[in-house]
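Engineer: Below are the sequence and a predicted model for it; my questions follow.
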Amino acid sequence: MLEALNIFIQSAFIENMVLAYFLGMCSFLAVSKTVKTAFGLGLAVIFVLAMTTPINWAIKNFFLNEGALAWINPAWADVDLNFLGLIIYIAVIASFVQLVEMIVERFFPALYTSLGIFLPLITVNCSILGGTLFMITKEYNFWQSIPYGLGSGFGFFLAIVALAAIREKLRYSAVPAPLRGLGIAFIITGLMGIAFMSFMGIKIS
Amino acid sequence: MRKASFLRKQIDKVKPYFNSNPILHTVFDGLETFLFQPNETTTSKTHIKDGMDLKRTMVHVVIAMALCAAHGTMNIGHQHYASMGMFPGLFDGLLYKLTYGIIQFLPIFTVVHLVGLGIEFLFAASKGHAIEEGFLVSGFLIPLIMPPDIPLWMVAVATAFAVIIAKEAFGGTGMNILNVALTARVFVFFAYPTAISGDEVWIAQDYNIIHQIIGLPQVAFEHFGINKMPDGGWATMMVDGYTGATPLALAAKGGWPAVTEYYSLNDMIMGFIPGSVGEMNKLLIIAGAAFLVFTGIGSWRIMLSMLVGAIVMGILLNVIGGAMGLDQTAFVNVPWYYQLIMGSFFFAMAYMATDPVTAAQTESGKYIYGFLIGVVGMIVRVLNPAYPEGWMLAILLLNVFAPLIDHVIVNRNIKRRLARVG
């Protein structure tokens, strides 16, 4: 339990997907104009990351790894399907995004229209594929991959909602004309990255 | 009509020369309004941003900091001479200490203002605004949080970065997201880490031509009983039993016993320890904080909740340290009440966290904002081995989240009111 909490805190704050690794920038910058849409997208990312990271773990360990197929047929013990990894992870992510899209369209039509193209584009949000790939390089087991996916999603959620709140506030600021919109969002992202460096270096084991 | 004063006449005499150039005019206008209340009406469109007189706010903050700055300046000299084994008593050679401190402090102060005000003037001129007073406080804060020996070009670069990126890019005074002074410091911290961390940087060791001209005593002067080094250079060795390490650096290595080996409780409270200029005398800082609360400029909500947050987290760390069976030499086991007097806690609480622009704007949001600064700052200070002190980064982090806190509070209030009325 304590280990799960540690992984959650580490992935949400210390190794924040957006502000430490700068992954998932496109939707981070594009959907952060209002807190409401950012909130919706953040929740969607939490859901997709929390589901796909453990599922991809299972797929990798029961189907893709060398000798993983032996539980189906002992004769396949030397089959190595790892080359299929990326494409299958993306397929899993895409199907979950499709699920989210259908749910959002059915129950939150207003949010669906304001998210627009960026909802299906979660599929290619690097932070989600990044979640799966980091989980593999860190050699987490199944129970560790669940808080990792949740924590990474929560980190993204926190960052995008904070950026959206700042950008809503900035509507009343006299930002110089060349910087308005995306320009100032880039600067804020950099400054947020500096602020998040407060956690970098904390070791929790 | 009252007879115009001498100063007024002189200003009027040179005024026409400045009106020829827009930049010169902005500079002149900014300085003139410091001396005299303007009585002109605008000829083109108005550019009033709000009705509050910023000069009053800013000047009050500067007054509240002045005593801390004076004490810190003296302490630069005290640390310098004490580290060389001269004037160990607090009041020995007070004049020398003060002069040395001023020679170290004044150039940093001047550079910050030249660079910062220069950039402000340029931006104000290009926008056709009057100069905004916001830099008065930032310009006073930045020298107070820099090491006394820092190269002046670093101060210049950091100030320029903070004013341009953290402030003018957002539209100038009152619009910034991050605290300008802290941005300048965090820039130095990450861009030139060796200039602002380690055991040596917090004690001034400079002795250059200026010190010589003014005639400050130096270790190598023979009549102080210490000779030049054999190779002809100046002695820069610290005397035995003296450390340049700050209490926090010592605590990180050996807990509270390591701190008391070098510094007494009195030294830490009265501010005769190595460290940033402004954070020294805790009593003067608390007096300044009281002045800010009394004049209604600093928010007591932020100060109180930050104190509570730091105490809660400090007690929690003590409990964790006890539960893990760590002994007194562990940083987590430094008693929470001693955590408060080490480092820059009170300075950050009084002057940094209460920055009215970057703090949370809603009254109940201020409690959350302050409390989280206290908690996060203590976590960063004790648990993060990468940084010696936590308040700078904790305040910047909560600066980032302050608009979100406000958003949540405002929406909660709207919902409540709807439920009550609608």
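Structural biologist: Noted; the coordinates are in hand.
Engineer: can you list the residues of the stretch 101-250 of chain B near chain A?
Structural biologist: B:165-166, B:168-172, B:175, B:177-178, B:183, B:186, B:190 (C-beta under 8 Å from any C-beta of the partner chain). (Glycine included, C-beta is placed from N, CA and C.)
Engineer: Sort out for me which of those are in strands.
Structural biologist: Judged by DSSP state E, strands contain none of those.
Engineer: Show residues contacting the helix or strand harbouring residue A:112.
Structural biologist: Using DSSP states H and E, residue A:112 sits in helix A:109-115. With contacts defined as C-beta atoms under 8 Å, 6 or more residues apart in numbering or on different chains, helix A:109-115 is touched by A:31, A:34, A:36-37, A:40-41, A:101, A:104-105, A:119.
Engineer: Show me what counts as buried in the helix or strand hosting residue B:107.
Structural biologist: Assessed by DSSP H and E, residue B:107 sits inside helix B:94-127. The neighbour-count criterion (16 or more other C-beta atoms under 10 Å in any protein chain shown) identifies B:96-105, B:108-109, B:111-113, B:115-117, B:119-121, B:123-125, B:127 as the buried residues of helix B:94-127.
Engineer: which SS class is residue B:357?
Structural biologist: coil (DSSP: H, G, I helix; E, B strand; the rest coil).
Engineer: Now it: closest residue in space that isn't a chain neighbour?
Structural biologist: Excluding the flanking residues, the one nearest residue B:357 by C-beta to C-beta, 6 or more residues apart in numbering or on different chains is residue B:174, at 5.5 Å.
Engineer: How about stretch A:141-154, which residues are buried there?
Structural biologist: A:144-154.
Engineer: Which strands or helices does the helix or strand just after the helix holding residue A:112 pack on?
Structural biologist: Next along the chain after helix A:109-115, taking DSSP H and E as the criterion, comes helix A:126-137. If contacts are counted by 3 or more C-beta pairs under 8 Å, 6 or more residues apart in numbering or on different chains; DSSP states H and E, helix A:126-137 sits against helix A:35-59, helix A:85-107, helix A:142-170.
Engineer: For chain A, what's the nearest residue on the stretch 101-250 of chain B?
Structural biologist: residue B:171 (3.5 Å; C-beta to the nearest C-beta).
Engineer: So that residue sits against residue A:173, correct?
Structural biologist: Yes - if you go by C-beta atoms under 8 Å, residue B:171 and residue A:173 touch, sitting 4.2 Å apart.
Engineer: pLDDT score assigned to residue A:70?
Structural biologist: Listed pLDDT for residue A:70 reads 82.
Engineer: What number of residues are in the vicinity of it?
Structural biologist: The tally of other residues near residue A:70 (other C-beta atoms under 10 Å in any protein chain shown) stands at 13.
Engineer: Quick check: residues of chain A near chain B?
Structural biologist: Counting by C-beta under 8 Å from any C-beta, the residues of chain A near chain B are A:35, A:161-162, A:165-166, A:168-170, A:173-176, A:179, A:184, A:187-188, A:191-192, A:194-203.
Engineer: Which ones among those map onto helices?
Structural biologist: In helices, defined here by DSSP state H, the members of the residues of chain A next to chain B are A:35, A:161-162, A:165-166, A:168-170, A:184, A:187-188, A:191-192, A:194-196.
Engineer: can you pick the most crowded of the contacts of helix A:109-115?
Structural biologist: Ranking the contacts of helix A:109-115 using other C-beta under 10 Å puts residue A:41 first, with 28 neighbours.
Engineer: Tell me how far the closest residue to it other than its chain neighbours lies from chain B.
Structural biologist: Distances taken as C-beta to C-beta, 6+ apart put residue A:31 closest to residue A:41, at 4.7 Å, once the chain neighbours are dropped. According to C-beta to the nearest C-beta, to the nearest Å, residue A:31 stands 15 Å off from chain B.
Engineer: isn't residue A:31 right next to residue A:43, touching?
Structural biologist: No - assessed by C-beta under 8 Å, residue A:31 is found out of contact with residue A:43, at 11.9 Å.
Engineer: So residue B:311 versus chain A, what's the distance?
Structural biologist: 20 Å.
Engineer: So for the strand or helix carrying that residue, what gets flagged as buried?
Structural biologist: Here residue B:311 sits within helix B:300-323, counting by DSSP H and E. By neighbour count on 16+ other C-beta under 10 Å, the buried set for helix B:300-323 is B:300-307, B:309-311, B:313-314, B:317-318, B:321.
Engineer: farthest-separated two in the residues you listed?
Structural biologist: Greatest spatial distance among the buried residues of helix B:300-323 (C-beta to C-beta): B:300 and B:321, at 31.1 Å.
Engineer: which outside residues touch stretch A:195-202?
Structural biologist: A:13-14, A:16, A:19-20, B:178, B:190, B:376, B:379-380, B:383-387, B:390, B:393-394, B:396-397, B:399-400.
Engineer: Enumerate the positions of the helix or strand harbouring residue B:367 that are buried.
Structural biologist: Residue B:367 is part of helix B:363-383, with elements assigned from DSSP H and E. Going by neighbour count (16+ other C-beta under 10 Å), the buried part of helix B:363-383 is B:365-383.
Engineer: same check, this time on stretch B:254-269
Structural biologist: B:255-256, B:258-259, B:262-263, B:268.
Engineer: Return the distance of the residue lying farthest from the centre of chain A relative to residue A:59.
Structural biologist: Most distant from the centre of chain A: residue A:75, at 37.6 Å, with distances by C-alpha atoms, centre = their mean. Distance, residue A:75 to residue A:59, using C-beta to C-beta, to the nearest Å: 21 Å.
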